[in-house]
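In: give me the fold of what follows.
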Amino acid sequence: MEAVLDVYERPYDANHPVVNLDESPKQLISQVYKTFTDRKGQSYQDYEYQRQGVVDMYMIVEALAGRREVLIEEDHSSQTYAKVIAHIVEEMYPNAQKITLVEDNLSAHKRSALYEVYAPERARRIIQKLELVRTPKHGSWLNIAECELSVLTRQGLKERVADKETLEQQVNNWYRQRKQKKVNWQFTTKEARVKLKQLYPAIET
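Out: Residues are numbered from 1 along each chain as shown. Below is the predicted model of the structure:
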């Protein structure tokens, strides 16, 4: 926990950005019958629906710059994770000297997967530009990207999204409207030692 909080206290540095990554599944659902309005102006919606599969939303957030990007992928495999990591390093931050990536400690988060997708030279270049910081078990609330996924779900997504293309459009509209709004994270290591003191070992002096 303190490793993550220490990272959040760093000042902004364009050459060494701090980036959060998190993913969440999204069920695609279509309506069987379309909503219609009768001659009196009364709107009717049928609640019968049809499942259209599941995709994964990868939220990428640079809190101090207010930068966000969401990738919609077919799954959350280690190979897909490798492609997302490559996108962050090579396309989003190609000029950064080092990227600190804060993420959950999931089984799919394997740097070795980069070697399964890319040539060894490219995989190694990507890994060398990364400093990985993992949130602790049961501590995913420390991940700013998880918080942003919650905001996206509440603000930007309709309850029923039928296909990947519609989901991508809604997601893109959402983070364009955020207009590089920065994240003001205020929970520090010093506060953690007071508010979460029950998590620290009791040392007799």
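
In: any idea how many residues pack against residue 121?
Out: Per other Cβ atoms under 10 Å, the neighbour tally for residue 121 reads 7. No exception for glycine: its C-beta is placed from N, CA and C like everyone else's.

In: sec struct for it, please.
Out: Using DSSP: H, G, I helix; E, B strand; the rest coil, the structure places residue 121 in helix.

In: just checking, what packs against the top helix by length along the chain?
Out: Determined from DSSP state H, the single longest helix within the chain is helix 164-177. For helix 164-177, the packing partners by 3 or more Cβ pairs under 8 Å, 6 or more residues apart in numbering; DSSP states H and E come out as strand 18-31, strand 49-62, strand 67-73, helix 144-155.

In: check which residues of that helix are buried.
Out: By neighbour count on 16 or more other Cβ atoms under 10 Å, the buried set for helix 164-177 is 164, 167, 168, 171, 174, 175.

In: nearest spatial neighbour of the last one, skipping sequence neighbours?
Out: What that stands for is residue 175. residue 68 (4.4 Å; Cβ to Cβ, 6 or more residues apart in numbering).

In: OK, contacts around that neighbour?
Out: By Cβ atoms under 8 Å, 6 or more residues apart in numbering, the contact list for residue 68 reads 59, 60, 61, 62, 148, 175, 178.

In: mind running it again at 7 Å?
Out: When contacts are counted by Cβ atoms under 7 Å, 6 or more residues apart in numbering, residue 68 touches 60, 61, 148, 175, 178.

In: nearest to residue 11, of those residues?
Out: For the contacts of residue 68, the residue nearest residue 11 by Cβ to Cβ is residue 61; the value is 17.4 Å.

In: next, count neighbours for that closest one.
Out: So residue 61, with other Cβ under 10 Å, has 26 neighbours.

In: and for residue 80, the neighbour number?
Out: Residue 80 - counted by other Cβ under 10 Å - has 19 other residues nearby.

In: tell me if I am right that it is in a strand.
Out: No - counting by three-state DSSP, residue 80 is located in no strand; its state is helix.

In: name the nearest residue to it, sequence neighbours excluded.
Out: residue 73 (5.0 Å).

In: next: residue 12.
Out: residue 64 (4.2 Å).

In: ok, back up a step: show me what the residue nearest to residue 175 is bridged to.
Out: residue 61 (DSSP bridges).

In: and the pLDDT at it?
Out: What the model reports for residue 68 is a pLDDT of 92.

In: what about the nearest residue in space to residue 167 that is not next to it in sequence, distance to residue 98?
Out: Excluding the flanking residues, the one nearest residue 167 by Cβ to Cβ, 6+ apart is residue 161, at 4.7 Å. Remark: distance between residue 161 and residue 98 (Cβ to Cβ, to the nearest Å) = 36 Å.

In: settle it for me: which of those two has more neighbours?
Out: residue 161 (21 against 13).
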